[in-house]
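Chemist: Provide a 3D model corresponding to the input given below.
(chains A and B)
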Amino acid sequence: MQPFVPPDHRPADPDTALFLAARGGDRAAWSALVRRLAGPSVRLAARVLGCPDRAEDAVQEAFTNLWRTAHRFDPARGALAAWWRRILLNAALDDRRRLRLAEPLEAAGPTPDPAPGPHEAAETAERDRRLAAAMAHLPPRQRAALALFHGEGLTMAEIAHALGATPKAVEGLLDRGRATLRARLAAVAGDHP
Amino acid sequence: MTDPELDAALARWARAPLGDAERVERIVRRAEGLAASPPAGRWPRAARWALPTAAAFVAMAIPILAPTSPPQTPEAEEASFLLLHAPTPIEELSL
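Modeler: Residues are numbered from 1 along each chain as shown, chains lettered A, B, ... in the order given. Purely as a prediction, here's the structure:
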């Protein structure tokens, strides 16, 4: 028989539970939460900003903001993941960072799937390299929408919440991003048949 | 590049790990340090408006509550004027 759990004390998802414990003074919970969030957050921020160094700054700032505004988080209104994504993207899309030009993530770019044969792997690697270069020409918000959609598998509504936009606007960001990428990749393919 | 190829490439782009454990470790160490001070609560936020309001109230109350000086008579005013404009004695100037 399941023990009765009052509605206000339902067990939250692990991240939310850790954050609530950390907010209550549990430093070990905060450390555990930071370790869970840091890696994926740097990856997402690096995709948005096109630069691991700037991504590191953004994630650092986001953690500071998360801690500073801890009292404002209300678990009844949603999980920590959504709250954190919004804080992280706010830091990454901050105007001061947006003004700087993004560079292709050459060193940290996608790696080809090692399973296919050498020829296919080389072709995939070349395709990924071109895509990473084309990405540098997209505005950060379009890159953020593409990263959240293809990387995190979020719905339009979730992406909209993370970016502080409407689902319709997110559709526009994705469409324009893909159109720009297609045009860039076609131009590169034309130059190098 | 076909649509499925573009989708696949975008998924690889978005999901590829950075492979930068050192960077992540650096972020973790700095973020862990944040817990050394308690997160901002409702109290300091309330204090931000409560303290200036209290200070303004006290500043307003002081002139009302403080004892006022008695009204000046014409004689007292004249004595003050003479004291203020009295000629400086010669011996003081020479010192």
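
Chemist: contacts and neighbour counts: CA atoms only from here.
Modeler: Noted.

Chemist: Output the below-cut-off pLDDT ranges for chain B.
Modeler: Along chain B, segments meeting pLDDT under 70 span B:40-52, B:63-72, B:83-84, B:86-95.

Chemist: where exactly do the helices run in chain A?
Modeler: For chain A, the helices defined by DSSP state H occupy A:14-23, A:27-49, A:52-68, A:80-92, A:95-98, A:118-135, A:140-146, A:156-163, A:167-191.

Chemist: So which of these has the densest surroundings on average?
Modeler: Among these, helix A:140-146 has the highest mean neighbour count (mean count of other Cα atoms under 10 Å in any protein chain shown), at a mean of 25.

Chemist: The one residue in chain B that gets nearest to chain A: what's it in contact with?
Modeler: Nearest residue of chain B to chain A (Cα to the nearest Cα) works out as residue B:14 at 4.4 Å. Residue B:14 makes contact with A:44, A:47, A:110, A:146, A:147, A:148, A:150, A:151, A:152, according to Cα atoms under 8 Å, 6 or more residues apart in numbering or on different chains.

Chemist: Tell me the residues on chain B that lie near chain A, please.
Modeler: Counting by Cα under 8 Å from any Cα of the partner chain, chain B comes close to chain A at B:1, B:7, B:9-19, B:23-24, B:27-28, B:30-32, B:34-35, B:38-42.

Chemist: returning to what we had before: hmm, which of the contacts of residue B:14 is lowest in pLDDT?
Modeler: Ranked by pLDDT, those bottom out at residue A:110 (49).

Chemist: Point out where chain A drops to low pLDDT.
Modeler: Residues of chain A meeting the criterion pLDDT under 70: A:1-12, A:95-116, A:189-193.

Chemist: mind checking how far the residue positioned nearest the centre of it is from chain B?
Modeler: The residue lying closest to the centre of chain A (Cα atoms, centre = their mean) is residue A:44, at 3.1 Å. Residue A:44 is 7 Å from chain B, where distance means Cα to the nearest Cα, to the nearest Å.

Chemist: Which residue is the nearest non-sequential neighbour of that residue?
Modeler: residue A:147 (6.8 Å; Cα to Cα, 6 or more residues apart in numbering or on different chains).

Chemist: Now do the same contact list for that neighbour.
Modeler: Residues near residue A:147 by Cα under 8 Å, 6+ apart: A:44, A:47, A:48, B:10, B:14.

Chemist: and with 7 Å instead?
Modeler: A:44, A:47, B:14 (Cα atoms under 7 Å, 6 or more residues apart in numbering or on different chains).

Chemist: What distance do you get for the second one to chain B?
Modeler: Okay, so that is residue A:47. In terms of Cα to the nearest Cα, residue A:47 sits 7 Å off from chain B.

Chemist: Quick check: residue A:146 touching residue A:172?
Modeler: No. If you go by Cα atoms under 7 Å, residue A:146 and residue A:172 don't touch, sitting 11.1 Å apart.

Chemist: Nearest to chain B: which residue in chain A?
Modeler: residue A:151 (4.4 Å).

Chemist: Now do that residue: how many residues are near it, please.
Modeler: Residue A:151 has 20 neighbours, counted by other Cα atoms under 10 Å in any protein chain shown.

Chemist: Leaving aside the residues adjacent along the chain, what's closest to it?
Modeler: For residue A:151, ignoring the flanking residues on the chain, the nearest one in space by Cα to Cα, 6+ apart is residue B:14 at 4.4 Å.

Chemist: what kind of secondary structure is the one you found in?
Modeler: helix (DSSP: H, G, I helix; E, B strand; the rest coil).

Chemist: Straight-line length of stretch A:73-81, end to end?
Modeler: End-to-end span of stretch A:73-81 (Cα to Cα, to the nearest Å): 11 Å.

Chemist: three-state assignment of residue B:37?
Modeler: Following three-state DSSP, we place residue B:37 in the coil state.

Chemist: Quick check on it: phi, psi?
Modeler: Main-chain torsions, residue B:37, degrees, to the nearest 10: phi -110, psi 140.

Chemist: cool, residue A:93 as well?
Modeler: According to degrees, to the nearest 10, residue A:93 has phi -90, psi 10.

Chemist: Could you count how many residues lie near it?
Modeler: 21.

Chemist: contacting residues for it?
Modeler: Neighbouring residues of residue A:93 by Cα under 7 Å, 6+ apart: residue A:140.
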